[in-house]
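Novice: Pasting a predicted model and its sequence here:
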Amino acid sequence: MKVKQISVFLENKSGRLEEVTKILADNNIDIRALSLADTRDYGILRLIVNDHLKANKLLKDSGFTVQETDVVAAEVPDKPGGLAGILRALNAKNISVEYMYAFVERKGDKAIMIFRFENVDEAIEALKNSDVKLLKGEEVYNL
């Protein structure tokens, strides 16, 4: 139920984001989801891609600082209160969300959200016990 996410640390200067996306594109790596957060000096680009091992190696070989992290992809009812229900289940088990972002693909009447937790296994168990549909890495990479 874990999904591999790649985090790329970028200097906050023009062209760095384009450089990453070009490396991925030139090597036929498809971005499935992304989040970009920045500070004054640097940004963190978080990516779900169709081939995380290849992307990780290519970016490291190109001089980028890259880290791989386990995250969770959960189906969220695409209606008012859908996300609140999932967060309620996590809060009931005292599980904090470190960060989250939306996935670009819908699955039927569900939206897909990517979650990062300090204890991924504990979060997976809590979500399963609350009947939240979790996606396997292969499902996410191939959407």
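Specialist: Ah, there it is. Numbering: from 1, shown residues only.
Novice: Stretch 61-71: how far from the chain's middle?
Specialist: Distance of stretch 61-71 from its chain centroid, counting by CA atoms, centre = their mean, to the nearest Å, is 13 Å.
Novice: what does stretch 128-141 contact?
Specialist: 1-4, 32-33, 48-52, 72-75, 86, 89, 103, 107, 110, 112, 124, 127 (CB atoms under 8 Å, 6 or more residues apart in numbering). (Glycine included, C-beta is placed from N, CA and C.)
Novice: And stretch 66-74, by the same measure?
Specialist: So stretch 66-74 is contacted by 1-9, 48, 52, 56, 59-60, 86, 103, 112-117, 120, 123-124, 127, 132-135, 139-140 (CB under 8 Å, 6+ apart).
Novice: before we move on, what about stretch 43-54?
Specialist: Taking CB under 8 Å, 6+ apart as the rule, stretch 43-54 contacts 3-10, 12, 16-17, 20, 24, 27, 29-38, 55, 68, 71, 73, 101, 103, 114, 140-142.
Novice: Now, of those, which are buried?
Specialist: 3-8, 10, 16-17, 20, 24, 29, 31-35, 55, 71, 73, 101, 103, 114, 140-141 (16 or more other CB atoms under 10 Å).
Novice: hmm, back to that, out of the contacts of stretch 66-74, which sit inside strands?
Specialist: Assigned to strands by DSSP state E, the following of the contacts of stretch 66-74 qualify: 2-9, 48, 103, 112-117, 134-135.
Novice: Having no further points to raise, I will conclude here.
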